[in-house]
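Colleague: this is the structure alone, sequence omitted:
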């Protein structure tokens, strides 16, 4: 071959071969160098015993006959909350004072740094300081990521919006922010691969001029990421765009652009950062608030210097003083409150902005493709993303006040739904009832006095040190938490004259807890060893990484042929009872809200499902922590109040069931009577009796069903109808777990008389039976009780047939075709949709009859039917 080439072509081939070999060698080096750096960094920064690299051994296989799961070698022990509290107070593990250090003037109880705030930035500062060898403490008034850090859009991104502004406004600061965030995006995917992943995001194009404009922007976005870029952006034709995102509106669509960004489980990420800091020797505590800052006079400083803080344990009320050489204020939206503890006259530096998100069912978007509307009706940006089995839509951007639990308003929810409706096909009926959860988060934007709106603010960060030594970090975004923490610790070392073991930050290559033994196929081993459902096993690996072994080891036998182990805390979601126990034992969960909102994400995915899970979660935590009945009552009330901020419609219908409450009518009275046994406790400190926990769960379920019955009764059904439907549902609920298999739905509909089983056409629709006492609603002709006598003549006059092919569409519309188990609320949703169709058919036929009798009406009355009726 070489001889066949001409003399002129041989040098070209040699040069091309050399260039290819050089590029391949360079690429291989770059692929290997991060791993080598990671190994070297971890070798110097890991604590003795190599705690982070724990990999389990199966000590004994499962024994389903006795209900025992496989016995797994436990992870390395963690300090208990009591140990951490003693360390915070400068005491040994047994509560005695720390011994003084010989030939040293240093107070052994004094920390190098005290960090206030357990969000992403605060936990990042603690981890950065701990991995450098500093003695660091962190206190958080609520729970890790209880504020803004758990209420984000769940993206790990550079920010295409900021990139556009950087070029249009020639703003170099925004350009730097994008470049920094793109680098940190790659770091996310390296240090926590089980919690972060790349996600394709589509930009639908409805004007031809948008194609070159957004294509250029996406290519610059890829270019700025350099060797850390994800998959390259690409163009889709209209046909391919609709194949990738079938729910998209096809009218006027000319094509789409797809680019890649990162997505993560924000609260789980925050918890992992805090746990990793503890593994590296940091003293990190939630539910501890700062009451005041302690100061002392020092030579060389005109003002007294901060040397610690007076703290209070919010769970016990105990107060104590924490000594520290330096104090870092990383409290996000509450930054100005801490600054005023230092200087009461300090000016506010944070401009809080509210961002509302809603969760819709998973059928609103593909499981592997997001959508970005770069310009909404009022010029803002909205994301539409698959997340944790649901679809997250948001966000708004408006000025707000700083509160612990901001609430999403109906106006903001309606605006998001309206923007979603603009981009989805008319076949997708966007309904307010599909909103499973809604929450508001407060962005800590750095104030710019010249900005006219919060949308014009850059989410870059600002670091400030007061004359008394309070180091404040404000602003920034989730993606850049690690870089912000690095900058803070660098300044703290200089300002407070600290002596770290490592002068440079180590966190760029320090993997978070759960990452070392993680692989994408780990879930298969969990299924094989524990007999878990595949969906559950995948969820455990995606939430805990290699610690999924430890969670699975806490599972209980189901008593079924499959799955063998893993009882869920609520149907249709993969969260297990074992996760509650693991959260208490290994992740410092102290309240039911900690578990429902931050250890699991149930409160963010479905507020009503979270409310149904509250009694079970409280029962498990009571067993673990020894709560008495008063503490259980408080946890119940606090949880229900919190869920009202997550979109639960009414707290009144789901109060703690006791004899003094009658807000729920007859059903609530029954619930209260059922819960009366809950007032009887065991010996002091022993917790609630097992029987009363069952009563509490039953009472809560009854109260929640009373709420749903009231809502559906007002809209579609009478109370008697709902109760008769519930009785029929219970006859199919063989294991009394509040759900029935999906394949039993048609049998239930046959039992209720809504469809007729047929040998030729399965699930053939029939006319609704009439009722002797019909509902007072305007569509009373379709209202009935299945126990009422059936009259063929009445049926013919009272309702109209619905075509049998519509039944599958009803299942798809209500989402039951995507569920293995259906709860009573799912069945009511199906019945409500069927009634809408019957009412539509009846009114349609009546109008057609009018047109036949009075032709003059043909030009004035439309009989075209849409998805929402006539």
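Modeller: Noted; the coordinates are in hand. Not measured: the values here are computed from a predicted model.
Colleague: for the stretch 401-550 of the chain, which segments count as strands?
Modeller: Counting by DSSP state E, counting those that start in this stretch, the segments of the stretch 401-550 of the chain that form strands are 437-446, 461-465, 470-475.
Colleague: what does the stretch 151-300 of the chain give?
Modeller: 155-156, 196-205, 234-236, 255-264, 283-286, 288-296.
Colleague: looking at the ones you listed, spot the one closest to residue 423.
Modeller: Distance to residue 423, taken as Cβ to Cβ, is lowest for strand 196-205 among the strands of the stretch 151-300 of the chain, at 6.5 Å. C-beta coordinates here come from the backbone N, C-alpha and C atoms, glycine included.
Colleague: sheet partners, orientation included, of that closest one?
Modeller: Neighbouring strands of strand 196-205 in its sheet, by DSSP bridges, are strand 255-264 (antiparallel), strand 370-373 (parallel).
Colleague: now those strands in a markdown table, with distance to residue 224 and mean pLDDT?
Modeller: A markdown table is the format used below for the strands paired with strand 196-205 (distance: least, Cβ to Cβ, whole Å; pLDDT from 0 to 100):
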| stretch | distance to residue 224 | mean pLDDT |
| --- | --- | --- |
| strand 255-264 | 12 | 96 |
| strand 370-373 | 18 | 92 |
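Colleague: want to throw those into TSV with distance to residue 160?
Modeller: Formatted as TSV, the strands paired with strand 196-205 follow (distance: least, Cβ to Cβ, whole Å):
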stretch	distance to residue 160
strand 255-264	7
strand 370-373	7
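Colleague: how about the ones you listed in CSV, adding mean neighbour count and distance to residue 434?
Modeller: CSV is the format used below for those (neighbours: other Cβ atoms under 10 Å; distance: least, Cβ to Cβ, whole Å):
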stretch, mean neighbour count, distance to residue 434
strand 255-264, 23, 22
strand 370-373, 22, 17
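Colleague: so which of those strands is nearest residue 527?
Modeller: Residue 527 lies closest, by Cβ to Cβ, to one member of the strands paired with strand 196-205: strand 255-264, at 24.5 Å.
Colleague: and that closest one, how far from the chain's centre?
Modeller: Counting by Cα atoms, centre = their mean, to the nearest Å, strand 255-264 is centred 20 Å from the centre of its parent chain.
Colleague: got it, and stretch 179-197?
Modeller: Using Cα atoms, centre = their mean, the mean C-alpha position of stretch 179-197 is found 18 Å from that of the whole chain.
Colleague: now swap in stretch 276-296 and tell me
Modeller: 25 Å.
Colleague: and it, which residues are buried?
Modeller: For stretch 276-296, the neighbour count (16 or more other Cβ atoms under 10 Å) marks 276-290, 293-295 as buried.
Colleague: cool, stretch 302-319 as well?
Modeller: 305-309, 311-314.
Colleague: among those residues, which lie within strands?
Modeller: Among these, the ones falling in strands (DSSP state E) are 305-309, 311-313.
Colleague: tell me the one of those residues nearest residue 531?
Modeller: For those, the nearest to residue 531 is residue 313 (41.0 Å; Cβ to Cβ).
Colleague: the closest one contacts residue 287, doesn't it?
Modeller: Yes - using Cβ atoms under 8 Å, residue 313 makes contact with residue 287 at a distance of 6.8 Å.
Colleague: if we can go back for a sec, including mean pLDDT, could the strands of the stretch 401-550 of the chain go into JSON lines?
Modeller: Formatted as JSON lines, the strands of the stretch 401-550 of the chain follow (pLDDT from 0 to 100):
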{"stretch": "strand 437-446", "mean pLDDT": "89"}
{"stretch": "strand 461-465", "mean pLDDT": "90"}
{"stretch": "strand 470-475", "mean pLDDT": "93"}
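Colleague: closest to residue 335 out of these?
Modeller: strand 470-475 (4.7 Å).
Colleague: partners of the closest one in the sheet?
Modeller: Here strand 470-475 is paired, per DSSP bridges, with strand 319-329 (parallel), strand 461-465 (antiparallel).
Colleague: for residue 461, which of the strands of the stretch 151-300 of the chain is the nearest?
Modeller: strand 155-156 (16.5 Å).
Colleague: closest to residue 827 out of the strands of the stretch 401-550 of the chain?
Modeller: Closest among the strands of the stretch 401-550 of the chain, using Cβ to Cβ: strand 437-446, at 21.3 Å.
Colleague: strand 461-465 and that closest one, what's the angle between them?
Modeller: 50 degrees (axes from the mean of the first three to the mean of the last three Cα atoms, to 10 degrees).
Colleague: go through the strands paired with strand 196-205 and name the closest to residue 96.
Modeller: Closest among those, once you apply Cβ to Cβ, is strand 255-264, at 41.9 Å.
Colleague: where does residue 60 fall, phi/psi-wise?
Modeller: In this entry, residue 60 is assigned phi and psi values of phi -160, psi 140 (degrees, to the nearest 10).
Colleague: ok, now how distant is the closest residue to it other than its chain neighbours from residue 266?
Modeller: Take residue 60 and drop its neighbours on the chain: the residue closest to it by Cβ to Cβ, 6 or more residues apart in numbering is residue 71, 4.1 Å away. Separation of residue 71 from residue 266 (Cβ to Cβ, to the nearest Å): 34 Å.
Colleague: ok, those two, which is more surrounded?
Modeller: Using other Cβ atoms under 10 Å, the more surrounded residue of residue 71 and residue 266 is residue 266, with 28 against 14.
Colleague: that one contacts residue 145, correct?
Modeller: Yes - judged on Cβ under 8 Å, residue 266 makes contact with residue 145 at a distance of 6.7 Å.
Colleague: shared neighbours of the two, anything?
Modeller: Residues touching both residue 266 and residue 145 by Cβ atoms under 8 Å, 6 or more residues apart in numbering: residue 120.
Colleague: now do the strands in the stretch 1-150 of the chain.
Modeller: Going by DSSP E, counting those that start in this stretch, the stretch 1-150 of the chain shows strands at 58-60, 71-72, 110-116, 136-140.
Colleague: and the shortest one, what does it pack onto?
Modeller: For strand 71-72, the helices and strands in contact under the criterion 3 or more Cβ pairs under 8 Å, 6 or more residues apart in numbering; DSSP states H and E are strand 58-60, helix 548-552.
Colleague: columns mean pLDDT on top of these, output as JSON lines?
Modeller: Converted to JSON lines, the helices and strands packed on strand 71-72 look like this (pLDDT from 0 to 100):
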{"stretch": "strand 58-60", "mean pLDDT": "82"}
{"stretch": "helix 548-552", "mean pLDDT": "95"}
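Colleague: among these, show me which one is buried the most.
Modeller: helix 548-552 (a mean of 26; mean count of other Cβ atoms under 10 Å).
Colleague: work out for me the element residue 828 sits within.
Modeller: Using DSSP states H and E, residue 828 falls within helix 824-853.
Colleague: avg pLDDT for that helix?
Modeller: Mean pLDDT, helix 824-853: 62.
Colleague: in this structure residue 348 contacts residue 447, no?
Modeller: Yes - applying Cβ under 8 Å, one finds residue 348 in contact with residue 447, separated by 6.9 Å.
Colleague: could you dump the strands of the stretch 401-550 of the chain into a markdown table with distance to residue 84 added?
Modeller: As requested, the strands of the stretch 401-550 of the chain are exported to a markdown table (distance: least, Cβ to Cβ, whole Å):
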| stretch | distance to residue 84 |
| --- | --- |
| strand 437-446 | 27 |
| strand 461-465 | 27 |
| strand 470-475 | 23 |
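Colleague: quick one, which of the ones you listed is nearest to residue 526?
Modeller: strand 437-446 (27.7 Å).
Colleague: mind listing what that closest one pairs with, with the direction of each?
Modeller: With DSSP bridges as the test, strand 437-446 pairs up with strand 350-360 (antiparallel).
Colleague: in the sheet, who's paired with residue 58?
Modeller: The partner residues for residue 58, given DSSP bridges, come to residue 72.
Colleague: one more: residue 294?
Modeller: residue 308.
Colleague: residue 311 is in contact with that one, correct?
Modeller: No - counting by Cβ under 8 Å, residue 294 sits too far from residue 311 to count as a contact (10.2 Å).
Colleague: perfect, I'm done here.
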